[in-house]
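Visitor: sharing a sequence plus its predicted fold:
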Amino acid sequence: MVRTLTVLGCDGSWPGPGGAGSGYLVQVGDTSILLDAGPGTFAALQTRADPANVAAVVVTHAHPDHWTDLESFATWAGYGPGRARFRDPGGRALTVFAPPGLRDWSHFASADWVDWRELAPSMVLAIGPVQARFGATDHGTPTLAVHLEHEGSALAYSADSGPGWSVEELGSDIGTFLCEATYTEQWEGSLLHLSGREAGVMAAAAGVGRLILTHRWPTVAADEVRREAEIAFGRPVEQASPGAVFDW
Ligand SMILES: [Zn+2]
């Protein structure tokens, strides 16, 4: 069965010119999962897949760059082409997993075509053939890293985190690690985010198979983040870019 991770948007904190916030389409066979829904990602999603086939949206935390296009998705599902699938008789509501409190920010908190499920770090979910687990990160606001497993292959996503969390908490079986690296070493300690160096150190300690960097500020040079991550990781590092597809 084919397992892919498609980058819909990967800009950190705000979308840069022509860019999009955090959002990733995970596909395993016929099952599609939307991991985060930052600004601009619903437009990108429609170029890659039929949103009507999304089994679930998983939102890692309430910062706007990770979820505000859920509002676009819910609008499309309630009033647009998605209505037949998600709202009309015989449809199924749009399933959204999100940490406590996020629902209250949404215009669609009470919409009967959105099936809100509150996420807790201890939860284990089955989304189609994919097993999902979570871990609380070091990010101030409640934030959950995500571990997806299918037939022995594991993909982990850091969401946002400072250096007080490690992906090791999600296990030692991680083949592909999508990790935030918001900036370079010079900003370390200024915010609850990671530098390229910190992402590389963490990934090396956790023994992940492959490191993919994401959530870089649009004002920070991609090459500099990657260079320091590669030195710390000890191996080549990949970087997320809009439209990039990774097998996992
Ligand atoms: Zn955040």
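Guide: Received it, and whenever you're ready, just let me know what you need. Numbering: from 1, shown residues only.

Visitor: okay, and the beta partners of the residue nearest in space to the middle of the chain?
Guide: The residue lying closest to the centre of the chain (Cα atoms, centre = their mean) is residue 35, at 4.0 Å. Applying DSSP bridges to residue 35 yields these beta-bridge partners: residue 24, residue 58.

Visitor: that one against residue 27, yeah?
Guide: No - contact criterion Cβ atoms under 8 Å: residue 35 and residue 27 do not qualify, at 11.1 Å. Every residue, glycine included, has its C-beta placed from N, CA and C.

Visitor: residue contacts, residue 92?
Guide: 85-86, 115 (Cβ atoms under 8 Å, 6 or more residues apart in numbering).

Visitor: element containing residue 33, please.
Guide: strand 31-35 (DSSP states H and E).

Visitor: what packs against that strand?
Guide: Helices and strands touching strand 31-35, by 3 or more Cβ pairs under 8 Å, 6 or more residues apart in numbering; DSSP states H and E, are strand 23-28, strand 54-58, strand 130-136.

Visitor: just to revisit the earlier point, just among the contacts of residue 92, which is most surrounded?
Guide: Neighbour tally across the contacts of residue 92 (other Cβ atoms under 10 Å): the maximum, 24 neighbours, falls on residue 86.

Visitor: looking at the contacts of residue 92, which one is closest to residue 79?
Guide: residue 86 (10.3 Å; Cβ to Cβ).

Visitor: sorry, back to before: against residue 129, how distant is the residue nearest to the centre of the chain?
Guide: 16 Å (Cβ to Cβ, to the nearest Å).

Visitor: check residue 68 too.
Guide: Residue 68 is 30 Å from residue 129, by Cβ to Cβ.

Visitor: cool, residue 17 as well?
Guide: 38 Å.

Visitor: likewise residue 59?
Guide: 21 Å.

Visitor: return the set of buried residues in stretch 82-89.
Guide: Within stretch 82-89, the residues that count as buried by 16 or more other Cβ atoms under 10 Å are 82, 85-87.

Visitor: do the same with stretch 209-217
Guide: Neighbour count says stretch 209-217 has 210-217 buried, by 16+ other Cβ under 10 Å.

Visitor: in strands only, show me the residues you listed.
Guide: 210-214 (DSSP state E).

Visitor: up against the ion, what does the protein have?
Guide: 63, 160 (Cβ under 5 Å from the ion).

Visitor: can you pull out the helices in the chain?
Guide: Using DSSP state H, the helices of the chain run over 41-48, 64-67, 70-79, 83-86, 102-105, 196-206, 222-233.

Visitor: verify the stated contact: residue 227 with residue 196.
Guide: Yes - using Cβ under 8 Å, residue 227 makes contact with residue 196 at a distance of 7.3 Å.

Visitor: of the two, who's got more company?
Guide: The residue with more neighbours, out of residue 227 and residue 196, is residue 196; 31 against 16, by other Cβ under 10 Å.

Visitor: list the contacts for residue 76?
Guide: Applying Cβ under 8 Å, 6+ apart, the residues near residue 76 are 42, 51, 82.

Visitor: of these, just say which sits nearest to residue 98.
Guide: Of these, the one sitting nearest to residue 98 (Cβ to Cβ) turns out to be residue 42, at 15.8 Å.

Visitor: my guess is the closest one contacts residue 67, does it?
Guide: No - between residue 42 and residue 67 there is no contact under Cβ under 8 Å: 11.0 Å.

Visitor: higher neighbour count, the two?
Guide: residue 67 (27 against 24).

Visitor: what's the end-to-end length of stretch 81-90?
Guide: One end of stretch 81-90 sits 15 Å from the other (Cα to Cα, to the nearest Å).

Visitor: chain center to that stretch, what's the gap?
Guide: Its chain's C-alpha centre and that of stretch 81-90 lie 26 Å apart, by Cα atoms, centre = their mean, to the nearest Å.
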